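1. Pasted the sequence and its predicted model underneath.
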Amino acid sequence: MKLFKINFLILFFISSFLTIANAGTGPASVYKVQIYKIELCDSTSTATECEGGVTIYDGGTAGSGDIDIASTTAVAAAASLGNLNKATIGTSYTYMQITMNRAFTVSGSAADGSGTTCYTNANGSATTSAKGHTSTASEVTLYAAIVGATGENRLNSITTLDDTTYTAGTVVSGDEYFQWRNVLASTLIITGGRIPAAKIAFGTTNAVGAADDMGNSCTTVGAAKGLYAASPDVTISFE
């Protein structure tokens, strides 16, 4: 019964893609993401698994198109995606799972593990982090997260958009997509006659990551060394 419909002030609300030793983060002036699916997950869900998933946005293989988080302001909509017409009245939803492209379009800088500030200057890939530049930032493709075990069970990569054979907490070399599960700031329960309001706050002051020592010229990179797309500061709550 389609009683509820709401446009979400949605981007994605990751608190960290992973924990990386000997790495730093920095600001992004451009930070474009591509979202393919958003699911609400019921109260039996965990950091490793979305249970009772209800798809509130499905962009198919085309996805959402580029959403530039850095061009928005606090409590503004970077994109309006999703609706609650498939959510079950009375069900408690505690997690949200978002399927995204690992490739982000980013311009910015970050200090690497040795303290050298490296600016975005070259594209990364699904297997290798990106080289940087010592003084000039340009708009490039950075990939989310570092290949390997991330230490963060809410994150996993997938080979295709319908892949269900992932390992939570692991980014596989060559995978172009990833899923992120995050606990909602408050439990969402749809009740008759009431449409909840979504509130969002975000920033990109720590959205560029630089892992390990990239050298004085910022050009020494590898699967776990170099520039990558780190997480913006984003929180979503329902009232």
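-> Yep, that arrived.

2. okay, CA-based contacts and neighbour counts for the rest of this
-> Fine.

3. give me the number of residues near Thr165?
-> The number of residues packed around Thr165, counting by other C-alpha atoms under 10 Å, is 9.

4. Can you classify it as helix, strand or coil?
-> Using DSSP: H, G, I helix; E, B strand; the rest coil, the three-state assignment for Thr165 comes out as coil.

5. ok, it - contacts?
-> Ile158 (C-alpha atoms under 8 Å, 6 or more residues apart in numbering).

6. Next: Ser45.
-> With C-alpha under 8 Å, 6+ apart, Ser45 has these contacts: 51-52, 94-95.

7. Kindly give a single PyMOL line that selects the buried subset of those residues.
-> Selection of buried members from the contacts of Ser45 for PyMOL, criterion 16 or more other C-alpha atoms under 10 Å:
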select buried, resi 51+94+95
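
8. which one of the contacts of Ser45 is nearest Thr134?
-> Set against Thr134, the nearest of these by C-alpha to C-alpha is Tyr95 (40.0 Å).

9. in its sheet, what does the longest strand along the chain sit against?
-> Secondary structure of the chain per DSSP state E: the longest strand is strand 177-189. When pairing is defined by DSSP bridges, strand 177-189 lines up against strand 92-101 (antiparallel), strand 155-158 (antiparallel).

10. Could you pull up the mean pLDDT of the first one?
-> It refers to strand 92-101. Averaged across strand 92-101, the pLDDT comes to 91.

11. And the shortest one, by the same measure?
-> Throughout strand 155-158, pLDDT has a mean value of 92.

12. Quick check: what element follows it along the chain?
-> Once strand 155-158 ends, the next helix or strand along the chain (criterion: DSSP states H and E) is strand 170-171.

13. Contacts made by that following strand with the rest, please.
-> By C-alpha under 8 Å, 6+ apart, the surrounding residues in contact with strand 170-171 are 145-151, 153, 155-157, 178.

14. Which of those sits closest to Asn85?
-> Sorting those by how near they are to Asn85, with C-alpha to C-alpha, puts Phe178 at the top with 25.3 Å.

15. The closest residue to the closest one other than its chain neighbours - how many residues pack around it?
-> By the measure of C-alpha to C-alpha, 6 or more residues apart in numbering, the closest residue to Phe178 outside its immediate chain neighbours is Ser157, 3.9 Å from it. For Ser157, the number of neighbouring residues by other C-alpha under 10 Å comes to 30.

16. So Ser157 versus Cys41, what's the distance?
-> 18 Å (C-alpha to C-alpha, to the nearest Å).

17. Same question for Glu176.
-> Glu176 sits 23 Å away from Cys41, taking C-alpha to C-alpha as the criterion.
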